[in-house]
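Asks: Fold the following.
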Amino acid sequence: MGFIDLHIHTTASDGTFTPTEVVYEALRRKLSVIAITDHDTMKGIEEAVNALYRYGDNNEGIVIGRDAHNCVYGISNNEDVLTIVPGVEVSCQYGGGEIHMLGLFIDDKNDVLEMNLTEMRKERDRRNEKMIALFNEKNIPMTMDDLLFGQADTVVTRAHFARYLVENGYVKTKDEAFKKYIGDGCPFYLPRHYIEPETAIRWIHEAGGLAFLAHPYLYGFKEEKVRKMLLDLKEIGLDGLEAYHSSTDNGRTNQLREYANHMELLVSGGSDFHGDNKPYIYMGVGKGNLRITDHVYEQICKSQV
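Replies: Take a look at the predicted model:
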């Protein structure tokens, strides 16, 4: 039996591990399947894939290939070494709030999806520049280059603002940065423009992927609204939901599995690993509450046959 993690962030967005470091951490933890799911970008996937190829080259007997589900796999002596699922996490809006759609098994070379994600990143950058201007007006100097932290292709998120504020002594912790400066309703927070879930689902499907609602209980909705949200999203093409997540206890995981069974939705799961930006969440195990078996991955693959 192998264990999987289908929700991982890298330095391509708001994680602190490079895609290469993510691959080697997954190998160290002996995970059998991981998904790279950065915010509004697929830019980390190629580096992760190349890291797996290098690992295969350096270890005799490991064969690397790409399967019919867009995944890159390594296998040795008929035993799985590691499979990388290409993914993305797309921000959209529902019920007046922000929700996240995970695209898994996407074609990471799909030009149309890349074009659409590029437009989302441009809109995000415009918001970020306005937030930077607000900080400068209040004598907290910063530039966009400051927020990149040496990663030219990264998607700058509020986590980058939080890191800058900590490292420059304005706050002691990233949580304090959100509470004091950049959380919803705080003085330096500016809302983004979000696409509709139907649009995100369509983009994912057109790129050959499956659309999963990420962490359904993290949006602050009451139980009945969670259920209604899933029904509404199912109507417009949702393929599955993330039942296993670092923030989801056993009771809620069981409830989500029940919803999935009743609504004929697939089940996914992942830690939502961000490295040092969420230091209490570890790859593959979350807060110590996760051990997602590869049966979950196999059931998703069966649905694509």
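
Asks: For the rest of this, base every contact and every neighbour count on C-alpha atoms.
Replies: Will do.

Asks: Give me the phi and psi for the closest residue to A214 other than its chain neighbours.
Replies: Using Cα to Cα, 6 or more residues apart in numbering and skipping the chain neighbours, the partner closest in space to A214 is E242 (5.2 Å). Backbone geometry at E242, expressed as degrees, to the nearest 10, gives phi -90, psi 100.

Asks: So E242 sits against L265, correct?
Replies: No - shown here, E242 and L265 do not form a contact pair, counting by Cα atoms under 8 Å, at 10.1 Å.

Asks: Neighbour count for the two, which is higher?
Replies: Higher neighbour count among E242 and L265: E242, with 25 against 19, using other Cα atoms under 10 Å.

Asks: ok, now which ones touch I236?
Replies: 198, 201 (Cα atoms under 8 Å, 6 or more residues apart in numbering).

Asks: to the chain's geometric centre, what's the distance from the longest strand seen in the chain?
Replies: The residue-count maximum for a strand in the chain (DSSP state E) belongs to strand 79-94. Centre-to-centre, strand 79-94 and its host chain are 7 Å apart (Cα atoms, centre = their mean, to the nearest Å).

Asks: tell me which strands and helices whichever helix or strand comes after it is in contact with?
Replies: Note on strand 79-94: by DSSP states H and E, the next helix or strand toward the C-terminus is strand 97-104. Applying 3 or more Cα pairs under 8 Å, 6 or more residues apart in numbering; DSSP states H and E, one finds that strand 97-104 contacts strand 79-94, helix 197-206, strand 210-213.

Asks: 6 Å - rerun?
Replies: Packing partners of strand 97-104 (3 or more Cα pairs under 6 Å, 6 or more residues apart in numbering; DSSP states H and E): strand 79-94, strand 210-213.

Asks: Select, out of those, the one closest to Y189.
Replies: strand 79-94 (16.7 Å; Cα to Cα).

Asks: what pLDDT, on average, does the closest one get?
Replies: Average pLDDT, strand 79-94: 95.

Asks: one step back: okay, the helices and strands packed on strand 97-104, which one's buried deepest?
Replies: strand 210-213 (a mean of 28; mean count of other Cα atoms under 10 Å).

Asks: Just the buried positions in the top helix by length along the chain, please.
Replies: Secondary structure of the chain per DSSP state H: the longest helix is helix 111-137. Applying a neighbour-count criterion of 16 or more other Cα atoms under 10 Å, one finds 113-114, 117, 120-121, 124-125, 127-128, 131-135 buried in helix 111-137.

Asks: Could you check how far the very next helix or strand once past it is from the centre of its chain?
Replies: Using DSSP H and E, the next helix or strand after helix 111-137 towards the C-terminus is helix 144-148. In terms of Cα atoms, centre = their mean, the centre of helix 144-148 is found 21 Å from the chain centre.
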